[in-house]
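# The sequence and its predicted three-dimensional model are supplied below.
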Number of protein chains: 2
Amino acid sequence: MATDDLMTRALETLGDDAPLSVEAIHSLTDPADVPESMTIAEVADLLDISPHTLRYYERAGLVEVARDDHGHRVYDAEAVRRLVFLTRMRLSGMPMRDLQHYISLVDAGKETVSERLDMLLEHRDTIRRRIRELTLSLAATEYKIATYGGSTGPDVQTFDLAAGADRTPLPHEPSRPSPGRSEVSRK
Amino acid sequence: MATDDLMTRALETLGDDAPLSVEAIHSLTDPADVPESMTIAEVADLLDISPHTLRYYERAGLVEVARDDHGHRVYDAEAVRRLVFLTRMRLSGMPMRDLQHYISLVDAGKETVSERLDMLLEHRDTIRRRIRELTLSLAATEYKIATYGGSTGPDVQTFDLAAGADRTPLPHEPSRPSPGRSEVSRK
DNA sequence: CTAGGGCTTCGAGCGCGCTCGAACGCAAGC
DNA sequence: GCTTGCGTTCGAGCGCGCTCGAAGCCCTAG
C-alpha cells in the first residue's frame, strides 16, 4: 500500500518527538497548497498513491472527476480535498465499504450530518482500540527482546511469558520442520 | 480475523485505564495455565481463533502437532506456547512470511538467535511506527469531529484542514453520485 | 515522419490470510 | 442400529484493496 508513504513522510518531517497534536495535522498535505486543478499524476504524487488507485477510487464512487477536452481527468480543489480526507481515513484502517457509505451520506445532503458524525465517532473508537492493541503487542515484543538479552546482557533467566515460540533452544533441537506435507507456500 | 478477540478480551479485562505495562502481559493467556495437552477445539478456544486457522498454521509450517491413535491433533504445552506467541505476533501485524522465517530460525538452533533478535527489533520498530501513524490519524479524526460540532456546538467555522470530503454541505448539493458507470461493488 | 510518453477504458489478476465444503472416520447416547 | 458431533484431509473459494496489461488516442521533441 503506497498510501503509507504519505504518513511515513509526514512522520519523518515531524521528527520522532514532535508534540503530535492537531498542529501537526495542518502540516499534513495542507489543503491551502491545493491549486485550482490538477492532473492525475500530480494528485497521485501529492497523496503518494498510484494513478491506478485514484482511478479505482473514482470507479468505486468515492469522487467524481471531470475530464478536459482530451478526456483526461481534471481534479479540482474540492476533489483533491476529498481525496486527502479519503486517503487519511484509508490509512487509519477505515474499509472502502464504510468510506463509500460515508461519501453517499455527504452527497445526500446536510440532513445526514449526525449519521456522519456517528461514523466518525465509531471510527475514532476503532483507532483508539487498535492503538491499545498495538501498545500491548509492543510491550510483549519488548519483553521478548529483553529475554533475548536485547540490552540486559547474556544469560537472562528465560522463563518465557511474553515469549513462547522459542525458549532459547534446548539441547534436543533442531527438530526439522516436518517432512514435506502439502504446504502453504513457504519458498 | 477472529484473532482480534483475544486482545479485545484482554483489553476489557484490564480495563481502559490500566497501566498497560509488562505486568499486563502476564495476564494475557498466561502460559502457566497451559495443560499438558489440548485438543484443537480447546486451543482454538484459548486463542480465539478457529480450528480452521490452527490447521492452516500447521500446514504453513508454523507448528508441528502430534496425533493421537484416532488421528486427532494433540497440542502439547510447547505447541500451545508457540501458538500463543504466533497469534500475538499476527495480531500486531507481522506477516505470515516473516513468521515462517522466524520459526525456521528457531528450528535451526541457537546460532540463529541474533538474527531472531534482529527480526524482533525490526518488528518493534514497525509497531512503533504504526502506533504513531494511528495517533496522527486519531488526531485528524478528532479534529474532524470537532468541526462537526462533536462537542463544540453548532456553526463551527468550517475551514477544513483535517476535513476534506464534506465541508458542511453547500447550497448546491446534492450532486448525485454519477450516472451509473461500471462501478466497483457498491451495493 | 516517427518515437516516446502520458493519458484513456475495460477487465483480469494478484497477494494475503484465512474460510469453507465435501467426503469421510470414530465414539457415545438414544 | 442410527444419529449427532467432533475430528480428519484436500483443495477450492473468498473478500479486500489494489495492480496490471492491452489496445488505443493525443501531444511534443528530435
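Perfect, thanks for sending it.
# what about the helix or strand hosting residue A:123 and DNA strand C, any contact?
Per DSSP states H and E, residue A:123 falls inside helix A:113-147. No - if you take Cβ under 7 Å from any atom of the strand as the test, helix A:113-147 misses DNA strand C, and the best it gets is 14.2 Å. Backbone N, C-alpha and C define where each C-beta goes, glycine included.
# In terms of secondary structure, what does that helix contact?
Judged by 3 or more Cβ pairs under 8 Å, 6 or more residues apart in numbering or on different chains; DSSP states H and E, helix A:113-147 is in contact with helix A:96-108, helix B:4-14, helix B:22-26, helix B:77-91, helix B:113-147.
# average model confidence for the shortest one?
I take that to be helix B:22-26. Mean pLDDT, computed over helix B:22-26, is 49.
# The very next helix or strand once past that helix pairs with which strands, and in what direction?
Heading C-terminal from helix B:22-26, the first helix or strand you meet, by DSSP H and E, is strand B:37-38. With DSSP bridges as the test, strand B:37-38 is paired with strand B:73-76 (antiparallel).
# Can you give me the domain boundaries for chain A?
A:4-108, A:110-150 (automatic domain parsing).
# got the buried residues for stretch A:57-71?
For stretch A:57-71, the buried set under the neighbour-count rule, 16 or more other Cβ atoms under 10 Å in any protein chain shown, comprises A:57-58, A:60-65.
# next one: stretch A:101-112
In stretch A:101-112, counting by 16+ other Cβ under 10 Å, buried: A:102-103, A:105-108, A:112.
# same deal with stretch A:87-98?
A:87-92, A:94, A:96.
# List just the nearest of those residues to DNA strand C.
residue A:96 (12.0 Å; Cβ to the nearest atom of the strand).
# tell me the pLDDT at the residue nearest to the closest one when sequence neighbours are not counted?
The spatially closest residue to residue A:96, leaving aside those adjacent along the chain, is residue A:60, at 6.3 Å (Cβ to Cβ, 6 or more residues apart in numbering or on different chains). pLDDT recorded at residue A:60 is 97.
# Thought residue A:98 was touching residue A:60, still the case?
No - in this structure residue A:60 lies outside contact range of residue A:98 using Cβ atoms under 8 Å: 12.0 Å.
# related to what we said a few turns ago, the helix holding residue A:123 vs helix B:77-91, what angle?
Counting by axes from the mean of the first three to the mean of the last three Cα atoms, to 10 degrees, helix A:113-147 lies at 140 degrees to helix B:77-91.
# What angle do helix A:96-108 and helix A:113-147 make with each other?
Using the same axes, to 10 degrees: helix A:113-147 against helix A:96-108 is 150 degrees.
# Just the buried positions in helix A:113-147, please.
A:113, A:116, A:119-120, A:123-124, A:126-128, A:130-145, A:147.
# coming back round to it: adding distance to DNA strand D, write the helices and strands packed on helix A:113-147 out as CSV.
As requested, those are exported to CSV (distance: least, Cβ to the nearest atom of the strand, whole Å):
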stretch, distance to DNA strand D
helix A:96-108, 3
helix B:4-14, 14
helix B:22-26, 28
helix B:77-91, 12
helix B:113-147, 14
